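**Student:** Make a model of this:
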Amino acid sequence: MRERTHDDLANHKHTLKAHRQDVIRRDRNRSLRTRLRHALKSIRGAIEQGKTDEATTALSGTVSLIDKMSAKGVIHDNAAARYKSRLAKRLAGAVTAASATPAT
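**Tutor:** From the prediction side, this is the model:
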């Protein structure tokens, strides 16, 4: 998909300004969404590898990031709640499994 330039748009000042604003918002949202995905991926990886202490400390930072993305409108409120719920549930299961298995 090619990037739209000002030549492709209508010749009204407000339309050109709206396009400039859209480009800025899209780039900002794209970077924020990427940051969120990386945080989710790292905490899920820590849980799968059994690093429950690391995952527990990272959970509060990730939840904070999820809340910020929701407040900024990058993700929907229900999606934020779903992410937080699933992370907490996954972490609780991992902690329970880790405490049930005796350390050797």
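**Student:** tell me the centre residue of this structure?
**Tutor:** L36 (2.4 Å; CA atoms, centre = their mean).
**Student:** by contact count, what packs against the helix or strand encompassing it?
**Tutor:** Using DSSP states H and E, L36 sits in helix 13-48. Packed against helix 13-48 by the contact rule (3 or more CB pairs under 8 Å, 6 or more residues apart in numbering; DSSP states H and E) you find helix 52-72, helix 77-100. Yep, even glycine has a C-beta here, placed from its N, CA and C like the rest.
**Student:** What is the neighbour count of the residue nearest to A88 when sequence neighbours are not counted?
**Tutor:** Closest residue to A88 apart from its sequence neighbours, by CB to CB, 6 or more residues apart in numbering: L59 at 7.2 Å. Other residues lying near L59 total 18 when counted by other CB atoms under 10 Å.
**Student:** thinking again about what came up before, need the helices and strands packed on helix 13-48 in TSV with mean pLDDT and distance to K41, can you?
**Tutor:** TSV is the format used below for the helices and strands packed on helix 13-48 (pLDDT from 0 to 100; distance: least, CB to CB, whole Å):
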stretch	mean pLDDT	distance to K41
helix 52-72	94	10
helix 77-100	93	11
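**Student:** Tell me which of those is the most buried.
**Tutor:** Here the criterion is mean neighbour count by mean count of other CB atoms under 10 Å, and of the helices and strands packed on helix 13-48 the winner is helix 52-72, at a mean of 16.
**Student:** tilt between that one and helix 13-48?
**Tutor:** Using axes from the mean of the first three to the mean of the last three CA atoms, to 10 degrees, the inter-axis angle of helix 52-72 relative to helix 13-48 is 160 degrees.
**Student:** chain center to helix 52-72: distance?
**Tutor:** Between the mean C-alpha location of helix 52-72 and the chain-wide mean there is a distance of 9 Å, by CA atoms, centre = their mean, to the nearest Å.
**Student:** Please apply the same query to stretch 14-25.
**Tutor:** That offset, for stretch 14-25, works out to 24 Å (CA atoms, centre = their mean).
**Student:** Direction-wise, compare the helix holding L36 with helix 77-100 and give the angle.
**Tutor:** 10 degrees.
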